[in-house]
Each structure stands twice: as C-alpha cells, then as structure tokens.
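K.L.:
could you look at this predicted model? Sequence included:
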Amino acid sequence: MTNDSVLFEQIMQELKDFRSLNLNEMDNVKLMNRTDIKFVFHLDKLKIVLQNLKENYKVLEIMNNRISNYETLYFDTEKYDLYLNHHNGKSNRYKIRCRKYVESNLNFFEIKFKNNKSRTIKNRIKLESIEQSLSKAAKKFLRSIANIKAESLKPVCWINYSRITLVNNDLTERVTLDIDLTMKNEQGEKTFEFLVIAELKQDGNSIKSFFHQVMNKNKIRKISISKYCFGITQLFPKIKQNLFKPKLLTLKKIMYVTS
C-alpha cells in the first residue's frame, strides 16, 4: 500500500467518528453570499485536523459517501482575462464554470463573483450535464448576471478533486477540505495527491471560528489562491504568473516537505 493510500485510509477512519448531515440539511448553510478564507497544508496533517474538529462539526454524507467527487470545467477568454484579473489584483472579478457533483449527479453552470468588499457571490442554474459549448439558457444567464458574452469564452481546463464538507454544529459556517487535486486540458495533466486546500466559508469573517482556531493550533497558514488560478499556472507555464510566485513557492514547499 502506498503512502498516500495509507493516509487516505486513516482519513476515512477519522470521518467515521463524525455525525453526519444530508443534502437537505445542507440547504440551511448554502452561503451563496459569503466570505472565504483558504488554508493549504500537507495531506499528512489532515488526520489530526479531523480529530480536532469531530466534536464541533458534522460531515456531509451523500449515498453513504463522506468524501464526494467534483468535476469542474472552467471557461476564460482567448487572452485569459478572467485569470489575469485575479493575478493583477482586480477587486471585482468573475470565474465562470460548469460543475458536476458526481455522487448526487447534479450539474450546474456557475458564476462566481468576488467583489471589492472581499465577498464571494455565487449564482448558478441547473444543467442536464456539463456543457463544453454553452447552451442558450447558460448564455442568457451569463449575460444577465455578469454582462459577459458567451462567445468571448472558451473551455480552458478541468479541475477535479475529492471534497470533505463539514458544517459546524450551529449551522453558521461551512468548511471544505479538497484532496486528490487533478488539473488537465488537451495538452496534459497534473496531479497533486499530497495537497489539502481547505476553505472556511462564513456569512461574516470571524477569527473566533473553531476551525480558524484549529488551523492556528496546527500552525497551518492562510493562503489566498484559487484552484483555478493554480491550475492555469501549472497547465500554462508561460502565462504571466510573477505576482503568484511567492504563493506557488509556498505550495511547492508544503507538497514536498512533510511534517
């Protein structure tokens, strides 16, 4: 059994000790307008993090699965303007994607907007399946929400991963723990099996969050980088990424240095 397989088995064992909640209960914690804080750490720390959280959080369970698979196709312009807006620090910026929630077999076209008050606002419509070429309904939705013409966008990369979703006992915050990250396009594929990208999603921005305290206790630092931007830097190494370099160096150290 490989090292990552051993870690995965340990994680599955820890998740068995959590109380569970279902998708209907999750509807009370949608947080479509929220603040996000990201943390990144090595997979070998996830076991102790879960041990710290099990009394204060429930885990989402879908069809007996406590780890769910996500498949996401991102769209950008010919010149990658949506990526560059993030890279260049533009306050009001969009990410456009089709996402499949594999276990529940739900598909959405999603528009994610980060405003100049650091709030993330997500709008979405249901799809029958992930669309490589956007349908009339998706195009109309895109124009109405973001005033972006669908004809200016093209699919640029897939970002797939497995996600553990936790909700605190008060149903006021959600924590996602993304593992087994894979990024791919027609030119290649990159896999980051030892990386955990955690995201604390709240209505406000409270450092009193128990999850925030667990991150501090385990000396896990905040890193503000999106999976989409990370994916673009890995799949398109010649694209402008100088402003991301300190974060990319930190991610590299986390992936290849175990605790």
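P.N.:
In hand now; what should we look at? Numbers count the residues shown, from 1 in each chain.
K.L.:
going forward, measure contacts between C-alpha atoms and count neighbours the same way
P.N.:
Fine.
K.L.:
burial check on Lys117, number of neighbours?
P.N.:
Lys117 has 9 neighbours, counted by other CA atoms under 10 Å.
K.L.:
okay, it: pLDDT?
P.N.:
On the pLDDT scale, Lys117 is placed at 83.
K.L.:
just Leu235 next, same as before
P.N.:
Looking at Leu235, its pLDDT is 95.
K.L.:
thought Lys184 was touching it, still the case?
P.N.:
Yes: look at Leu235 against Lys184 with CA atoms under 8 Å: they come within range, at 7.1 Å.
K.L.:
can you list residues touching both of the two?
P.N.:
Listed as contacting both Leu235 and Lys184 by CA atoms under 8 Å, 6 or more residues apart in numbering are Lys190.
K.L.:
quick one: stretch 201-210 to chain centroid distance?
P.N.:
17 Å (CA atoms, centre = their mean, to the nearest Å).
K.L.:
for Ala137, see how far away Asn185 is.
P.N.:
25 Å (CA to CA, to the nearest Å).
K.L.:
more neighbours, those two?
P.N.:
Under the criterion of other CA under 10 Å, the comparison of Asn185 against Ala137 puts Asn185 first, with 17 against 12.
K.L.:
quick one: contacts for that one?
P.N.:
Val156, Cys157, Trp158, Leu235.
K.L.:
for this protein, what spans make up the helices?
P.N.:
Ranges of helices in the chain, per DSSP state H, are 3-15, 23-26, 46-53, 81-87, 136-146, 210-217, 227-235, 245-256.
K.L.:
between these, which gets nearest to Leu60?
P.N.:
helix 23-26 (7.2 Å; CA to CA).
K.L.:
for that closest one, give the mean pLDDT please.
P.N.:
Average pLDDT, helix 23-26: 85.
K.L.:
now swap in stretch 249-259 and tell me
P.N.:
Averaged over stretch 249-259, pLDDT sits at 79.
K.L.:
mind listing what's buried in it?
P.N.:
Across stretch 249-259, burial judged by 16 or more other CA atoms under 10 Å covers Leu251, Ile254, Met255.
K.L.:
sounds good, over and out.
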